[in-house]
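In: Got a predicted structure plus its sequence, pasted below:
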Amino acid sequence: MFILMVVIFVLGYVAIALEHPLKVDKAASALIIGTLCWVAYILDGENILNMGFSLSWKEFQMHYPEITGLNAIHHFIVDYEIVHHIGEIGEILFFLLAAMTIVEVIDQHQGFKVITDKIDTTNKIKLLWLLSILTFFMSALLDNLTTTIVMVALLRKLVSDKETRWFYASMIVLAANAGGAWSPIGDVTTIMLWIGGQITALSIIKGVILPSLVCLVVPLILLSFTMKGNVVRPKINLNEKEYTTHSERILMLSMGVGGLLFVPVFKTFTHLPPYMGMLLSLGILWVVSEILHRNKPDEIKNRLKITAVLKKVDTPTVLFFLGILSAVAALQSAGQLALLSQFLDEKLGNVNLIAISIGVLSSIVDNVPLVAGAMGMYPIAEAGATGYMSNFVQDGVFWEFLAYTAGTGGSMLIIGSAAGVAAMGLEKIDFIWYLKRISWLALLGYLAGAGVYVLEFT
């Protein structure tokens, strides 16, 4: 069953990759493997856990020595691990749901029109650089997932052709992941390392901003030599009825973006999970929306109230996250991911190669358990440590490089990062299309940025 869990995940991954040829929505495949991995796990839990690869099982036995036998295994998997992981997954899902709702509220109030009216260029290269640089810095201030949701919504107002919009959305994913890697609040993995004490805010900014910028600029330069022409903007229906005034658009745009920017501030001061800040922002926006439209005709209320907006949120994307993260959680709990991390340590034995390999793997497997596994494998070394262990002190080479590789490596595949999955769900980007047109650009940028970091600090 230990191997069967991996087989189930791989087959599900293939089904997700071949979503369009199979004509089966990726959310369905993700939900199936997310459940079957746990089924295989609990059916043979005793043998799997006796293999000794599960780090969480060892921790459970230390904390609950009084629970023994099959009862302990059942309690560990059902009441301990599933509850633990569903809490972590729930944080991501609630964050995503609230962020998508806020963005949809802004869109329904035509808030993005305030920005798109300011972007008058239709030149493909200029627009590419403008959107990418804007995304890069927005991602550092917000996070790569929220920024991607906002920018893809904005993109729909700028580009009408589907494949061209896919291309720009894909580059937004690259820019969002690169921008999130150098900020302590820009990516879930950097947040983990920051909270865990492996890195400090100022050090990660100074150490990783240049490699991250190179990771983005290299693909942009290459595309600047190949892209030509202008984009076609969506047609404006002059007869379309407007449901909001200019002041209402500015208000909802300001409150929506302000609410998103508030989230990292909320987390910094309260130390509560980011999703709580996002839900608070949504709640405030909800109240303002109710007050704003309470005296308006039912036609406007039925279009602009949050209850109406919620119906437009892409629920399948949320379910996809639930399924894929559940599957990864099962592999983490059973020990497959810990075994993989040990293999890398034994076979590579070089912190740079290990970090680069983790980045490559993060394009296939979620970067969160990979980073969590690395944090568990390598305790923070004491200040003043020498030799090999000096790489693992706070703000050591390994931790900073891991933040870069885990943050940007996921761009190599569309499902390799939260930003990619969000863009894929929002724009229905085809996996194979991304693989053919974007993956090689992401790989070159990733390696170029990694090379810059190695030259700087080793």
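Out: It's in. Residues are numbered from 1 along each chain as shown.
In: can you give me the helices for the stretch 51-200 of the chain?
Out: Assigned by DSSP state H, counting those that start in this stretch, the helices in the stretch 51-200 of the chain fall at 55-63, 69-74, 82-108, 113-116, 124-141, 144-155, 162-181, 188-196.
In: What of the stretch 301-450 of the chain?
Out: Using DSSP H, counting those that start in this stretch, helices in the stretch 301-450 of the chain cover 306-309, 315-334, 336-348, 351-361, 367-377, 397-408, 418-427, 431-437, 439-457.
In: picking up where we left off before, K296: which of the helices of the stretch 51-200 of the chain is closest?
Out: Counting by Cβ to Cβ, K296 lies closest to helix 82-108 out of the helices of the stretch 51-200 of the chain; the figure is 13.6 Å. Where you see a C-beta, it was placed from the backbone N, CA and C, and this is true even at glycine.
In: ok, and for that closest one, which residues are buried?
Out: 82, 85, 88-89, 91-108 (16 or more other Cβ atoms under 10 Å).
In: wait, isn't A308 in contact with I300?
Out: No - A308 lies out of contact with I300 (Cβ atoms under 8 Å); the separation is 10.0 Å.
In: Below-threshold pLDDT in the stretch 101-250 of the chain: ranges please.
Out: Low-confidence segments of the stretch 101-250 of the chain (pLDDT under 70): 236-242.
In: rewinding a little: highest mean neighbour count out of the helices of the stretch 301-450 of the chain?
Out: Here the criterion is mean neighbour count by mean count of other Cβ atoms under 10 Å, and of the helices of the stretch 301-450 of the chain the winner is helix 397-408, at a mean of 28.
In: Which elements pack onto it?
Out: On a contact count with 3 or more Cβ pairs under 8 Å, 6 or more residues apart in numbering; DSSP states H and E, helix 397-408 meets helix 162-181, helix 188-196, helix 201-224, helix 351-361, helix 367-377, helix 439-457.
In: What lies in contact with stretch 312-321?
Out: With contact meaning Cβ atoms under 8 Å, 6 or more residues apart in numbering, stretch 312-321 is reached by 25-27, 30-31, 89, 92-93, 96-97, 100-101, 104, 108, 418, 421-422, 425-426.
In: How far does that stretch sit from its chain's centre?
Out: The chain centroid and the centroid of stretch 312-321 are separated by 14 Å under Cα atoms, centre = their mean, to the nearest Å.
In: And stretch 107-121, by the same measure?
Out: Offset of stretch 107-121 from its chain centre (Cα atoms, centre = their mean): 25 Å.
In: Over to stretch 309-318?
Out: 17 Å.
In: looking only at pLDDT, what's the mean for it?
Out: Across stretch 309-318, pLDDT averages out at 80.
In: For that stretch, measure first residue to last.
Out: Length of stretch 309-318, first residue to last, Cα to Cα, to the nearest Å: 16 Å.
In: Sort out which residues of stretch 48-66 are buried, please.
Out: Going by neighbour count (16+ other Cβ under 10 Å), the buried part of stretch 48-66 is 48-49, 53-57, 60.
In: Between the residues you listed, which sits nearest E382?
Out: Closest approach to E382 among these (Cβ to Cβ): L55, at 22.2 Å.
In: and the gap between the closest one and F398?
Out: Applying Cβ to Cβ, to the nearest Å, the value for L55 to F398 is 19 Å.
In: can you check P184 too?
Out: If you go by Cβ to Cβ, the gap between P184 and F398 works out to 17 Å.
In: do the same with V114
Out: Distance, V114 to F398, by Cβ to Cβ: 44 Å.
In: mind listing what's buried in stretch 25-33?
Out: Buried residues in stretch 25-33 (16+ other Cβ under 10 Å): 26-33.
In: CA atoms only: put that stretch into CSV for me.
Out: Provided in CSV are the C-alpha atoms of stretch 25-33 (Å, rounded to 0.1, in the frame of the first residue of the first chain):
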residue,chain,number,x,y,z
ASP,A,25,-12.3,18.3,-15.0
LYS,A,26,-9.1,18.3,-12.9
ALA,A,27,-11.1,18.9,-9.8
ALA,A,28,-12.7,15.5,-10.1
SER,A,29,-9.4,13.8,-10.5
ALA,A,30,-7.9,15.7,-7.6
LEU,A,31,-10.8,14.8,-5.3
ILE,A,32,-10.5,11.1,-6.2
ILE,A,33,-6.8,10.8,-5.5
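In: returning to what we had before: out of the helices of the stretch 51-200 of the chain, which is closest to S224?
Out: Nearest of the helices of the stretch 51-200 of the chain (Cβ to Cβ): helix 124-141, 5.3 Å.
In: and that closest one, how far from the chain's centre?
Out: That offset, for helix 124-141, works out to 17 Å (Cα atoms, centre = their mean).
In: how much does that helix deviate in direction from helix 188-196?
Out: 30 degrees (axes from the mean of the first three to the mean of the last three Cα atoms, to 10 degrees).
In: which residues are in contact with helix 124-141?
Out: Outside helix 124-141, the residues that touch it by Cβ under 8 Å, 6+ apart are 119, 121, 147-148, 150-151, 155, 158, 164, 168, 171-172, 174-180, 182-183, 185-186, 212-213, 216, 220, 223-224, 227-231, 261, 264.
In: now swap in stretch 159-172 and tell me
Out: 124, 127-128, 131-132, 135, 148, 151-152, 155-156, 158, 219-220, 223, 231-235, 414, 419, 423, 426-427, 429-430, 433-434, 437-438.
In: Please, a PyMOL command that selects the buried ones among the residues you listed?
Out: Buried subset of these, written as a PyMOL selection, criterion 16+ other Cβ under 10 Å:
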select buried, resi 124+127+128+131+132+135+148+151+152+155+156+158+219+220+223+231+414+419+423+426+427+429+430+434+438
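In: Give me the distance between stretch 84-98 and the centre of its chain.
Out: The answer for stretch 84-98 is 12 Å, by Cα atoms, centre = their mean.
In: whoops, I mixed them up, stretch 152-170
Out: With Cα atoms, centre = their mean, you get 19 Å for stretch 152-170.
In: got it, and stretch 141-158?
Out: 12 Å.
In: just stretch 421-431 next, same as before
Out: Relative to its chain's centre, stretch 421-431 lies at 13 Å (Cα atoms, centre = their mean).
In: for the record, mean pLDDT for that stretch?
Out: 83.
In: Out of the helices and strands packed on helix 397-408, flag the one nearest A330.
Out: A330 lies closest to helix 367-377 among the helices and strands packed on helix 397-408, at 10.3 Å (Cβ to Cβ).
In: List the contacts of the nearest residue to I119 once chain neighbours are set aside.
Out: Distances taken as Cβ to Cβ, 6 or more residues apart in numbering put L158 closest to I119, at 6.4 Å, once the chain neighbours are dropped. L158 sits next to 116, 119, 127, 168, 231, 233-234 when contact means Cβ under 8 Å, 6+ apart.
In: ok, now M1?
Out: 40-41, 43-44, 47-48.
In: same thing but 10 Å
Out: M1 makes contact with 8, 39-45, 47-48, 334 under the criterion Cβ atoms under 10 Å, 6 or more residues apart in numbering.
In: Looking at the contacts of L158, which is nearest N391?
Out: Closest to N391, out of all of those and judged by Cβ to Cβ, is Y168, at 38.3 Å.
In: How much space separates that closest one from G12?
Out: As judged by Cβ to Cβ, Y168 and G12 stand 29 Å apart.
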